[in-house]
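Chemist: Quick one, fold the following:
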Amino acid sequence: MKSYLFTTENGRGGVILCDIDTFEEAVEYLQQRFDGVIRVEQGRTLWTLESGFGEFVPTVRVDSPPQAPPDENAQAAQAQTPELF
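Modeler: Numbers count the residues shown, from 1 in each chain. As a prediction, the model looks like this:
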């Protein structure tokens with residue numbers, strides 16, 4: 001069983017759980033089953049009416065500051081602190 005997330009042109013859509021194994025077959029099925037399907041996703045695989053088949057590319061958010069590596073001294077202090085409860 002695989003799940004596919006889909007969106008229609010009127011802003012509706014949902015998730016379908018089915019025995020369709022290939023993404024291409026799932027897109028075809030969803031287009032036949034529901035009117036106005038414009039987007040289908042599974043994991044990082046994507047199909048849109050406008051662009052066709054493709055893959056998501058993860059991006060780094062520019063507005064979030066980089067995270068510092070964990071402070072080793074703080075971790076050591078936490079490990080030595082006895083639990084009170």
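Chemist: Below-threshold pLDDT in the chain: ranges please.
Modeler: Applying pLDDT under 70 to the chain flags residues 64-85.
Chemist: in the helix ranked longest in the chain, what's buried?
Modeler: Here the longest helix in the chain is taken by residue count, with DSSP state H as the criterion, and it is helix 23-33. Going by neighbour count (16 or more other CB atoms under 10 Å), the buried part of helix 23-33 is Phe23, Ala26, Val27, Tyr29, Leu30, Gln31. Yep, even glycine has a C-beta here, placed from its N, CA and C like the rest.
Chemist: tell me the contacts of the second one?
Modeler: Neighbour list for Ala26: Lys2, Tyr4, Ile16, Cys18, Ile20, Val40, Gln42 [criterion: CB atoms under 8 Å, 6 or more residues apart in numbering].
Chemist: Make a PyMOL selection of the buried ones in those.
Modeler: The buried residues among these can be selected in PyMOL (16+ other CB under 10 Å) with this line:
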select buried, resi 4+16+20+40
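Chemist: burial count for Leu49?
Modeler: Residues contacting Leu49 under the criterion other CB atoms under 10 Å number 14.
Chemist: Quick check: it vs Tyr4, distance?
Modeler: To Tyr4, Leu49 is 15 Å away according to CB to CB, to the nearest Å.
Chemist: Glu55 too?
Modeler: With CB to CB as the criterion, Glu55 and Tyr4 are 15 Å apart.
Chemist: OK, contacts around Leu46?
Modeler: Contacts for Leu46 were tallied using CB under 8 Å, 6+ apart; they are Arg39, Val40, Phe53, Gly54, Glu55, Phe56.
Chemist: Pick out whichever of those residues sits closest to Val62.
Modeler: Within those, the smallest distance to Val62 is 17.7 Å, found for Phe56 (CB to CB).
Chemist: Show the backbone phi and psi for the spatially most central residue of the chain.
Modeler: When CA atoms, centre = their mean is applied to the chain, the residue found nearest the centroid is Gly43 (5.3 Å). Main-chain torsions, Gly43, degrees, to the nearest 10: phi 60, psi -130.
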